[in-house]
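A.B. asks: turn this into a model:
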Amino acid sequence: MKKDKIENEIRVEILDIPYICDFNRKECLAFQEALSKVEDIQLFNNRAIKALIDLQWYIAKVQTVKYLFIPFLIYLALYVVYSNVLNG
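C.D. replies: As a prediction, the model looks like this:
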């Protein structure tokens, strides 16, 4: 039995935009503000813009769950307990 080599090409692309991923920097906030006001939707077909949004989406998703969704679930549970158990 003959073993074949498995070779695949790997393409690495680097996008270096300083401070764009740090939510505490004014450059990042200005970039996000500019993206939110874009009227030409074709801008979002750009691979660099897609990569930046994908990178920042994970951070935003974690923060949304941590600071909005979990407190809402706690509030909902307390409301159900209050309205059904304590209030009769």
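A.B. asks: how about the secondary structure of Glu13?
C.D. replies: Secondary structure, DSSP: H, G, I helix; E, B strand; the rest coil: Glu13 is coil.
A.B. asks: strands of this protein, residue ranges please.
C.D. replies: Along the chain, no segments are classed as strands by DSSP state E.
A.B. asks: which intervals of it have sub-threshold pLDDT?
C.D. replies: Along the chain, segments meeting pLDDT under 70 span 1-2, 88.
A.B. asks: in it, which residue is closest to the centre?
C.D. replies: Closest residue to the average C-alpha location of the chain: Trp57 at 0.9 Å, with CA atoms, centre = their mean.
A.B. asks: next one: that residue from Tyr82, what distance?
C.D. replies: Trp57 is 35 Å from Tyr82, where distance means CB to CB, to the nearest Å. For glycine as for every other residue, the C-beta is placed from the backbone atoms N, C-alpha and C.
A.B. asks: and the nearest residue to Arg47 once chain neighbours are set aside, how many residues sit next to it?
C.D. replies: Leaving aside its sequence neighbours, Arg47 sits nearest to Glu13 (CB to CB, 6 or more residues apart in numbering; 7.9 Å). A total of 7 residues lie near Glu13 under the criterion other CB atoms under 10 Å.
A.B. asks: thanks a lot, catch you later.
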